[in-house]
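Enquirer: Here's my sequence, what's the structure:
(chains A and B)
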Amino acid sequence: MPTNTIDNRTFTVNAEGFFTNRDEWSEELAAILAELIGIDEMTEEHWAPLRFMREDSAKTGVTPTLRRMQAVGGFDVKHLFALYPGKPAKKMAYLAGLPKPVGCV
Amino acid sequence: MRSLPDGFILPDFGATAARPTSTAAPEAAGEAAGPAYSGPRKLSLICSKGNLDMAYPGLILGNAAAGEGIETHIFFTFWGLDIVNKKTNAKLKFTMLGNTAMHMADLGAIRPGLEHKSMPQVMGQLPGMTSIATKMMKKQMADLEIPDVPEFLDLLQAAGVHMYACKLSFDMMKMIEADLHPAVEGVISAADFIEISEGAQTIFI
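Expert: This next block holds a predicted model:
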């Protein structure tokens, strides 16, 4: 398994670069990684969906999709696209220290 | 934005993400969005069917594409207009008739192998069969947490998918604007859609 190291923090990743061990994640690390994917400042609004994702995936074992974030988490999809432009589900999964979502919807 | 440390593997998040500082690696090595591309990736979907089972492929693909940051346009034409007609889109139906792939996973519990047996076409003609089949399909979709059609359109709109109704079909079906789901941006001609689709991968459903 490859590892990524940034600012003296090391975590294992899969071939694509996603976390393979959610316990190697921390909010400090997520804030550093956010800069790498074009999110300059992590506000409370950015953190809320990430916390939901971690809680939800701890229960279900899979990373929630955007649809689940809307239906179960009560998040507004349009707002998530605004917070994490481009590929919101993947960006959020990455910053939450989770595998990329595999659900179709 | 900061640049990537040496050996750091970052998933592909498109143009907004950090790039390695070293210019040593040539772009030619399988870079999908190489210099040959003149614009960002686009997807055009043409939904032409109004059966429940034919409504979902376009909606699911459109949602997936939007979630990947791809500019997505959906053109609803002919029977596909029923997907965006508020009077019909909550009541799209699924029929077994003409579908030779009609077999049920649950039947395997009765006798192994039965889950792969195609059902006799004549069953589909029995009164009430279409509504039973429709109910079953809707339940299966709901079990997989897939929204129903009107809600799916809301989801697509929130995800930034552009949707249009076909002018010719709209006139032919004698539809009125008030019946269109609010996510539909306009009633446009085929030529308009061809223009919008410039540079897009186009899928006809």
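Enquirer: how about the nearest residue to the residue most central in space within chain B, chain neighbours excluded?
Expert: Geometric centre of chain B, nearest residue: B:Gly58, 2.1 Å, by C-alpha atoms, centre = their mean. In this structure, B:Gly58 finds its nearest non-sequential neighbour in B:Cys47, 4.1 Å apart by C-beta to C-beta, 6 or more residues apart in numbering or on different chains. C-beta: built from backbone N, CA, C; applies to glycine.
Enquirer: Roughly how far does A:Glu44 sit from chain B?
Expert: 21 Å (C-beta to the nearest C-beta, to the nearest Å).
Enquirer: circling back: before we move on, what's the pLDDT of the residue nearest to the centre of chain B?
Expert: pLDDT for B:Gly58: 95.
Enquirer: now A:Gly38
Expert: 89.
Enquirer: re earlier: and the residue nearest to B:Gly58, bridged to which residues?
Expert: Counting by DSSP bridges, B:Cys47 is bridged to B:Phe76.
Enquirer: show me the contacts for it.
Expert: B:Met54, B:Ala55, B:Gly58, B:Ile74, B:Phe75, B:Phe76, B:Thr77, B:Gly80, B:Ile83, B:Ile205 (C-beta atoms under 8 Å, 6 or more residues apart in numbering or on different chains).
Enquirer: Run the chain-centre distance for whatever helix or strand the residue nearest to the centre of chain B lives in.
Expert: Element membership of B:Gly58 [criterion: DSSP states H and E] is helix B:52-67. Computed by C-alpha atoms, centre = their mean, to the nearest Å, the chain-centroid distance of helix B:52-67 equals 2 Å.
Enquirer: Show residues contacting that helix.
Expert: Helix B:52-67 has contacts (C-beta under 8 Å, 6+ apart) with A:66-67, A:87-90, A:104-105, B:43, B:45-47, B:49, B:72, B:74, B:80, B:82-83, B:89, B:92-94, B:134, B:137-138, B:141, B:146, B:149, B:152-153, B:155-156, B:159-161, B:203, B:205.
Enquirer: ok, now stretch A:50-58?
Expert: A:22, A:25, A:30, A:63-64, A:68-69, A:72-73, A:75, A:92-93, A:95-98.
Enquirer: any idea which of these is closest to chain B?
Expert: Nearest to chain B among those is A:Arg68, at 6.4 Å by C-beta to the nearest C-beta.
Enquirer: just checking, that closest one touches A:Gly103?
Expert: Yes - using C-beta atoms under 8 Å, A:Arg68 makes contact with A:Gly103 at a distance of 7.2 Å.
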